[in-house]
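In: How does the following fold in three dimensions:
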Amino acid sequence: MAKVLAKVVADEKAEIVLMGKQSVDDDNNQVGQILAAVLGWPQATFASKIEFAADNRKVNVTREVDGGLETIEVALPAVVTADLRLNEPRYASLPGIMKAKKKELKAVRWHRWASTRRRGSRFSRTPRRSSAREEAGWRMSRSWCRS
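Out: Alright, predicted model coming up:
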């Protein structure tokens, strides 16, 4: 995923990449860090406040640590992963929603950035293994659960 995102960032010529720290399956905070490594960019993780410097060449990131708050300065381009406290939720106004509906969205196919997969790579699908019961000739039937 990080390699595909790196191609998107290079194509868009981004100066800063803002990412979340959570995903739907786990709370690893790994895609942002891997993306920074692939791009060779500095990173700031768990950002609760972001301030750009006057010259727009650096960004000050405040993050929560065990002892309180820590502020680090990161040169741009950089990857920043957000913490829960970075965003203050707000509700969209009706005129804003109507303006957003009129904006054109650029649809791009995933395959534009995805590399071709070689056979035998770690991303190839492995065949499903049969269970010991299936090998012994047992078949599970759902008829027993019907009333």
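
In: CA only for contacts and neighbour counts going forward, please
Out: Will do.

In: Show me what counts as buried in the helix or strand harbouring S48.
Out: If you go by DSSP states H and E, S48 is part of strand 43-52. Residues of strand 43-52 classed as buried under the neighbour-count rule (16 or more other CA atoms under 10 Å) are 43-50.

In: repeat for stretch 16-29
Out: 16-17, 19-22, 29.

In: First-to-last residue distance for that stretch?
Out: The stretch stretch 16-29 measures 17 Å between its terminal residues, going by CA to CA, to the nearest Å.

In: Provide the strand pairings for the helix or strand hosting V74, with the direction of each partner.
Out: Assigned by DSSP H and E, V74 belongs to strand 68-75. Strand 68-75 sits in its sheet next to strand 58-65 (antiparallel), going by DSSP bridges.

In: average pLDDT across the longest helix along the chain?
Out: Selection of the longest helix in the chain by residue count, based on DSSP state H, yields helix 2-12. The predicted model assigns helix 2-12 a mean pLDDT of 87.

In: Tell me which other helices or strands it touches.
Out: Counting contacts by 3 or more CA pairs under 8 Å, 6 or more residues apart in numbering; DSSP states H and E, the secondary-structure elements packed against helix 2-12 are helix 31-39.

In: Helix 2-12 and the helix it packs on, what's the angle between them?
Out: Between the axes of helix 31-39 and helix 2-12, defined by axes from the mean of the first three to the mean of the last three CA atoms, to 10 degrees, the angle is 60 degrees.

In: Now do helix 31-39: distance to the chain's middle.
Out: Between the centre of helix 31-39 and the centre of its chain there are 10 Å (CA atoms, centre = their mean, to the nearest Å).

In: Just the buried residues of that helix, please?
Out: When neighbours are counted by 16+ other CA under 10 Å, the buried residues of helix 31-39 are found to be 31-37, 39.

In: That concludes my questions; thank you for your assistance.
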